[in-house]
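Asker: my questions are about this predicted structure, shown below with the sequence.
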Amino acid sequence: MRFLSTSEQQTFSFAKKISKKLNGGEIIGLVGDLGAGKTVFTKGLARGLGVKKTVISPTFVLMRVYSLKRANIRWLLHIDAYRLKSPKDLLAIGADEYFNRPDAVTVIEWADKIKKILPRRTRLITITHRKNKSRIIKT
Ligand SMILES: Nc1ncnc2c1ncn2[C@@H]1O[C@H](COP(=O)(O)OP(=O)(O)OP(=O)(O)O)[C@@H](O)[C@H]1O
Ligand SMILES: [Mg+2]
């Protein structure tokens, strides 16, 4: 599906809508340039899943885990692979332990950098930065 977003708010809402279709166990890989809106998308998804805390980009910590009060989805894992030197660094901090959990949803910014270690069922979503505020979100 292709969605044309013309504002940060639209990207947020679109991701929030997508979150309603999640059952747990999904891995979502976000692909897009700097400033494309990957973090905005993640914030929308997190809000839709019921995360109350402010979602901040895990650029320097690589990964943040949010706990959810839901029956089926208990964890939201937010990974930013931008600064990773090697995909192995992510395995070293135990990120992959969440990948196969049916009660976790994982969102990975810069997923294209760690394709090697991502399960095949990873759903890639690309955000293409157009001029001004328009973005094409391909799911
Ligand atoms: N349609 C849009 N959708 C999302 N963000 C938009 C849109 N239009 C403008 N923006 C702006 O673009 C920026 C997107 O920032 P964001 O941090 O989400 O990008 P990112 O892809 O996570 O970048 P990085 O690669 O640095 O992590 C924000 O400043 C936001 O306000
Ligand atoms: Mg980001």
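Answerer: Cool, got the structure. Ligands and ions are numbered 1, 2, ... in the order given.
Asker: in which helix or strand does the residue positioned nearest the centre of the chain reside?
Answerer: The residue lying closest to the centre of the chain (C-alpha atoms, centre = their mean) is residue 107, at 2.6 Å. For residue 107, the enclosing helix or strand under DSSP states H and E is strand 104-109.
Asker: how far off centre is that strand?
Answerer: Strand 104-109 sits 5 Å away from the centroid of its parent chain (C-alpha atoms, centre = their mean, to the nearest Å).
Asker: any idea how far whichever residue of the chain sits closest to ligand 1 is from residue 10?
Answerer: Of all residues in the chain, the one sitting closest to ligand 1 is residue 37 (2.9 Å; C-beta to the nearest ligand atom). Yep, even glycine has a C-beta here, placed from its N, CA and C like the rest. In this view, residue 37 and residue 10 are 10 Å apart by C-beta to C-beta, to the nearest Å.
Asker: compare those two (neighbour count), which wins?
Answerer: residue 37 (26 against 19; other C-beta atoms under 10 Å).
Asker: go ahead and confirm the more buried one touches residue 14.
Answerer: No - Residue 37 lies out of contact with residue 14 (C-beta atoms under 8 Å); the separation is 9.8 Å.
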